[in-house]
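Chemist: predicted coordinates and the sequence they were generated for:
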Amino acid sequence: MLDRIRGHRPSPSAPRDPEADAVLRQILATPSLAAQMLTAAADHLDKHKPTDELSVAGWARAFALADARVLTGYPQAVAQHAGRRAMRALRSDMWDSARTRGEWALCLRDIARSV
């Protein structure tokens, strides 16, 4: 059937490629680069002095390490987009209250699920 917007739709009886289906499932299950960055930053914060209060320098170091770990090898435009997307996912009210590195790690993991 021809749809002017979507083009031709395959018939329901069209043969499916199991290899292509497996690749598609793997792609859909992989977290976005922004989510991977947030998770990597959370991992760092959770491993290094999780009971200490997070400083600006500590946040910068965690984010820089996450950037290096996740985005190395990607083109600059892709890496910048992922970094900006990760930072935009943080809510402004998160910065208002003082939190430990461990609490920040929990928040970052929570946010990573929605990015």
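Modeler: In hand now; what should we look at? Residues are numbered from 1 along each chain as shown.
Chemist: and the spatially most central residue of the chain, what's its pLDDT?
Modeler: Centroid-nearest residue in the chain, with Cα atoms, centre = their mean: A35, separated by 1.1 Å. Per-residue confidence (pLDDT) for A35: 95.
Chemist: how much space between it and P15?
Modeler: 34 Å (Cβ to Cβ, to the nearest Å). Placement of C-beta: from N, CA and C, glycine included.
Chemist: worst-scoring helix or strand of the protein, pLDDT-wise?
Modeler: Scoring the helices and strands of the chain by mean pLDDT, DSSP states H and E places strand 2-3 at the bottom, with a mean of 57.
Chemist: burial of R61, as a residue count?
Modeler: 15 (other Cβ atoms under 10 Å).
Chemist: check L90 too.
Modeler: Residues contacting L90 under the criterion other Cβ under 10 Å number 16.
Chemist: what's the answer for L108, then?
Modeler: Residues within reach of L108, counting by other Cβ under 10 Å, total 27.
Chemist: hang on, it in a helix?
Modeler: Yes - membership of L108 in a helix is supported by DSSP: H, G, I helix; E, B strand; the rest coil.
Chemist: list the contacts of it.
Modeler: L38, T39, A41, A42, L45 (Cβ atoms under 8 Å, 6 or more residues apart in numbering).
Chemist: ditto for S32
Modeler: S32 neighbours (Cβ under 8 Å, 6+ apart): A82, R85, V115.
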